[in-house]
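Trainee: Following is a predicted model, sequence given first.
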Amino acid sequence: MKFVVMPGQARERVTPDSRAEPDKLPFSAPGFPAPAFGRPGNDDSPGTRPMPSYDPNNIFAKILRGELPCHKVYEDDKAFAFLDIMPRAPGHTLVLPKAPARNLLDCPPDDLAHVAKVAQQVAKAAMKAFDADGITMQQFNESAGGQVVFHLHVHIIPRKTGVMMKPPASEKEKPEVLAEQAKRLAAALAAG
Ligand code: 5GP
């Protein structure tokens, strides 16, 4: 682990996973329409920074509505899980609430709790299905927090000892590989 200490600044942790890219904020780019702003949840307290409201046209909303394809591994009445199209390791899975939530900050606690429960089930099944030595769980909130797709999701990434994760969004996996992995993970989930 490396630390960068700048004069007058707090100590900042630098890892290969540092992903905050404020310059890539879509709503600060020229040509983008101004976003609709709204406060998450019921928080109307003065001084709270406004957050953009949920965009029903985000890519995961389209997957949830069946408008775009995915390699599904699990579904119940409140949650949905599918393979990441650019996996950081084989079996990289995303777990989402079905109800609209931009991220951790505006998600109703019950939906969040259910996502955590499903994420644990997926993690346990992924340990078996991918013969993993461990699991990395990630979850990003807002662009400054590293979030790219604005429907709440938890990353479940099976890990092997000594094998680095690929950088985020570095390589699209072949559909036939994802199809086989989704089948394997779904079977491990069904087996409990
Ligand atoms: P975030 O940084 O928002 O937590 O991560 C978004 C994730 O969604 C990334 O890991 C990226 O590879 C994945 N992703 C982006 N577009 C698609 C897509 O169309 N289908 C699937 N399955 N994953 C996607």
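Mentor: Sure, I can see it. Residues are numbered from 1 along each chain as shown.
Trainee: quick one: stretch 59-77 to chain centroid distance?
Mentor: Averaging C-alpha positions (CA atoms, centre = their mean, to the nearest Å) puts stretch 59-77 14 Å from its chain's average.
Trainee: neighbouring contacts of that stretch?
Mentor: 55, 80-83, 85, 93-96, 98, 100, 118, 121-122, 149, 151, 153, 175, 178-179, 181-182, 185-186, 189 (CB atoms under 8 Å, 6 or more residues apart in numbering). (Glycine included, C-beta is placed from N, CA and C.)
Trainee: Mind checking which of the residues you listed are in strands?
Mentor: Counting by DSSP state E, those place 80-83, 93-96 in strands.
Trainee: The ligand contacts on this structure?
Mentor: 59, 70, 82, 84-86, 140, 146-149, 153, 168-169 (CB under 6 Å from any ligand atom).
Trainee: And the buried ones among these, selectable in PyMOL?
Mentor: In PyMOL, a selection of the buried entries from the residues of the chain next to the ligand looks like this (16 or more other CB atoms under 10 Å):
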select buried, resi 59+70+82+84+85+140+146+147+153+168
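Trainee: Out of the residues of the chain next to the ligand, which two sit at the greatest distance?
Mentor: Cys70 and Gly146 (21.5 Å; CB to CB).
Trainee: Name the SS class of the nearest residue to Pro87 once chain neighbours are set aside, please.
Mentor: With CB to CB, 6 or more residues apart in numbering as the criterion, Pro87 has its nearest non-adjacent residue at 5.4 Å, and that residue is Glu173. Under DSSP: H, G, I helix; E, B strand; the rest coil, the three-state class of Glu173 is coil.
Trainee: Just the element for the nearest residue to Ile157 once chain neighbours are set aside, please.
Mentor: Excluding the flanking residues, the one nearest Ile157 by CB to CB, 6+ apart is Thr136, at 4.3 Å. Taking DSSP states H and E as the definition, one finds Thr136 inside strand 134-138.
Trainee: just checking, what packs against that strand?
Mentor: Judged by 3 or more CB pairs under 8 Å, 6 or more residues apart in numbering; DSSP states H and E, strand 134-138 is in contact with helix 109-129, strand 154-159.
Trainee: Tell me the spacing between Ala116 and the ligand.
Mentor: 16 Å (CB to the nearest ligand atom, to the nearest Å).
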